[in-house]
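*Asks:* Predicted model, plus sequence, below.
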Amino acid sequence: MKPIILLDWYYNMSAAELGLSAQSFSDSSPSSERDYHPDAKAIRAARKQGDVRAALHQLSPQLQRVIEAAYNPGPLATQLRLKYGLLAGILARNWPPEDASSLENLVGVSKRLLITAHKAFSIAYKPSINKSVWLTNLEKSVDPYSSHS
């Protein structure tokens, strides 16, 4: 299963682009917020990170946890990652399986969960559209100043 590059960036690289990595807290760090002037790359990263976070918040908590497990694996999942790829973090939550059939079942369920989570995220993440059509229409329907025929 292929990763969604945007989610991989969000969980594994966005903090560094925002200048929030451990190396950024050196002696040359700004002494106050007024001294901090982010560069264009950090501003773009912050906007992109906000868009991803907004899309994730539209998903159910279960799907959010599935995506986080897939893209931000713990130590056990890191060991399983070579064999199971993105499923490793999801599998690690129920590791070890009792037997081979339990493992097969666990892999199947994890795959379906991740496919569903990927589809839901792809639908929710639309940075070029500020509002969905249904939301705009709903707002118009409750606007007392809009004309109703």
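*Replies:* That came through fine. Residues are numbered from 1 along each chain as shown.
*Asks:* Residue 75: neighbouring residues, count only.
*Replies:* A total of 7 residues lie near residue 75 under the criterion other Cβ atoms under 10 Å. C-beta coordinates here come from the backbone N, C-alpha and C atoms, glycine included.
*Asks:* For residue 11, see how far away it is.
*Replies:* 16 Å (Cβ to Cβ, to the nearest Å).
*Asks:* State the mean pLDDT of the helix ranked longest in the chain.
*Replies:* Counting residues, the longest helix found in the chain (DSSP state H) is helix 100-124. Mean pLDDT, computed over helix 100-124, is 94.
*Asks:* again with stretch 16-36
*Replies:* Stretch 16-36 carries an average pLDDT of 55.
*Asks:* I'd like the numbering to begin with 36 instead of 1 from here.
*Replies:* Yes, from this point I'll number from 36; that puts the last item at stretch 51-71.
*Asks:* how about the helices in this protein?
*Replies:* Using DSSP H, the helices of the chain run over residues 40-47, 49-52, 75-92, 96-106, 110-119, 123-127, 135-159, 168-177.
*Asks:* out of those, deepest packed?
*Replies:* Between the helices of the chain, helix 123-127 has the highest mean count of neighbours, a mean of 24, where neighbours are mean count of other Cβ atoms under 10 Å.
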